[in-house]
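**Student:** Prediction below, plus the sequence it came from.
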Amino acid sequence: MTSPVVIIGTGLAGYNLAREFRKLDAQTPLLLITADDGRSYSKPMLSMGFAKQKDADGLCMAEAGAMAEQLNAEIRTHTRISGIDPGHKRLWIGEEAVEYRDLVLAWGAQTVQVPIEGDGGHLVFPINDLEDYARFRAAAAGKQRVLILGAGLIGCEFANDMSLGGFKVDVVAPCEQIMPTLLHPAAAAAVQGGLEGLGVRFHLGPVLTRLQQVTQGLEAHLSDGSVIACDLVVSAIGLRPRTDLAAAAGLQTNRGVSVDRELRTSHANIFALGDCAEVDGINLLYVMPLMSCARALAQTLAGKPTAVSYGPMPITVKTPACPVVVSPAPQGCEGIWQVEGQGSDLKVLCLDADGKLLGYALTGAAVMEKLALNRQLPPVMA
């Protein structure tokens, strides 16, 4: 019997790869293994659920059984890999050995956690998948006050969503501006103003040092001495690619699992894509590069080795209080920033010495210019 192509992970990376592969190869045995319940959903929707009044079941697009039928695949849910044996092309689930023809790591990234003093730690919720979202929705029922740790893209999206969902929202982050690694200060100020217009309160600079249960919920003690009353805490500090199992198997890792342009790891029959993968030195935790990788890797697994390339990869931030589209300048490029517009409608351009566009951030009504600007952008990875 032919050994299957095995995909670890049933998020956007795993399921989209499986779909693309089945377009090219309907027969090769396909096995997907996931630590969760295997439901198909769109992860970007997790930060839109409250505004849309959708619980976890409402965000689910298909159950695991339906996906198995659709993909002509076996899907093993609530199953954790205990080890990978590249030399013998097998992986371990406890004492059970599973052989593979090719193995794809699509197990994503894990939330960054920081220790917090006090007795309220069990009311800190990361929201990284559908099961996390379900747990938070259950805990949030009847509550009104949410504290969000982190003012990056995810923290700001949750702040917008939960405000629209009827919560009073405070955001705490040890930075001088929101989305500091993504947005020019002018664009960040525009987005922050839009969120403040919804009632979001920002506490930029201090960190949460203690979370204490009190009669009326929680008290969040910050490093600057201030205290915030809340009922729940969402941890949106950041994501770290999962690399432990890969490193234990002897695969090369850096920030993520290191792969070449064909998404091949340091072992010939093992590949990686999605949030866990560092592709030719670049780790992008967004949907557009993931989809490019899924299409390229499907070709490779179907017998036609294909290198992935990234064209312009603009990022749409889901903050309808102040819409944002941003295309960061390529790594290592130094540009000159130019800010046009006023109020919440800003066009912030990054230009090289010859006036060529390297990147941009558009806010408010200026997002309408994204298509014209995208045509001027250099590829992220040609």
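**Tutor:** Everything's here; your move. Numbering: from 1, shown residues only.
**Student:** is it true that residue 167 touches residue 145?
**Tutor:** Yes - using CB atoms under 8 Å, residue 167 makes contact with residue 145 at a distance of 6.8 Å. For the C-beta atoms, the positions are set from N, CA and C on the backbone; glycine is no exception.
**Student:** The two: which is more packed in?
**Tutor:** Shown here are residue 167 and residue 145; by other CB atoms under 10 Å, residue 167 has more neighbours (24 against 17).
**Student:** what about the helices in the stretch 1-150 of the chain?
**Tutor:** 12-24, 56-59, 64-71, 130-140 (DSSP state H, counting those that start in this stretch).
**Student:** for the record, mean pLDDT for the first one?
**Tutor:** With pLDDT averaged residue by residue, helix 12-24 scores 97.
**Student:** pull the CA atoms of it into CSV?
**Tutor:** Taking Å, rounded to 0.1, in the frame of the first residue of the first chain, the C-alpha atoms of helix 12-24 are listed here in CSV:
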residue,chain,number,x,y,z
LEU,A,12,-6.0,27.6,6.7
ALA,A,13,-2.6,26.2,5.7
GLY,A,14,-3.4,22.5,6.0
TYR,A,15,-6.9,22.6,4.5
ASN,A,16,-6.0,24.9,1.6
LEU,A,17,-2.9,22.8,0.7
ALA,A,18,-5.1,19.7,0.8
ARG,A,19,-7.7,21.3,-1.5
GLU,A,20,-5.0,22.5,-4.0
PHE,A,21,-3.3,19.0,-3.9
ARG,A,22,-6.6,17.3,-4.6
LYS,A,23,-7.1,19.4,-7.7
LEU,A,24,-3.9,17.9,-9.1
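**Student:** And that helix, what's buried?
**Tutor:** Judged by neighbour count (16 or more other CB atoms under 10 Å), helix 12-24 contains these buried residues: 12, 13, 14, 15, 16, 17, 18, 19, 20, 21, 22.
**Student:** Next, format the residues you listed as CSV and append distance to residue 2.
**Tutor:** Listed next are these as CSV, based on distance: CB to CB, whole Å:
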residue, distance to residue 2
12, 27
13, 24
14, 20
15, 22
16, 23
17, 19
18, 17
19, 21
20, 20
21, 14
22, 16
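**Student:** From the residues you listed, pick the one nearest residue 346.
**Tutor:** Nearest to residue 346 out of the buried residues of helix 12-24 is residue 12 (CB to CB; 30.3 Å).
**Student:** CSV please, covering the helices of the stretch 1-150 of the chain and showing distance to residue 287.
**Tutor:** Below are these laid out as CSV (distance: least, CB to CB, whole Å):
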stretch, distance to residue 287
helix 12-24, 6
helix 56-59, 15
helix 64-71, 18
helix 130-140, 16
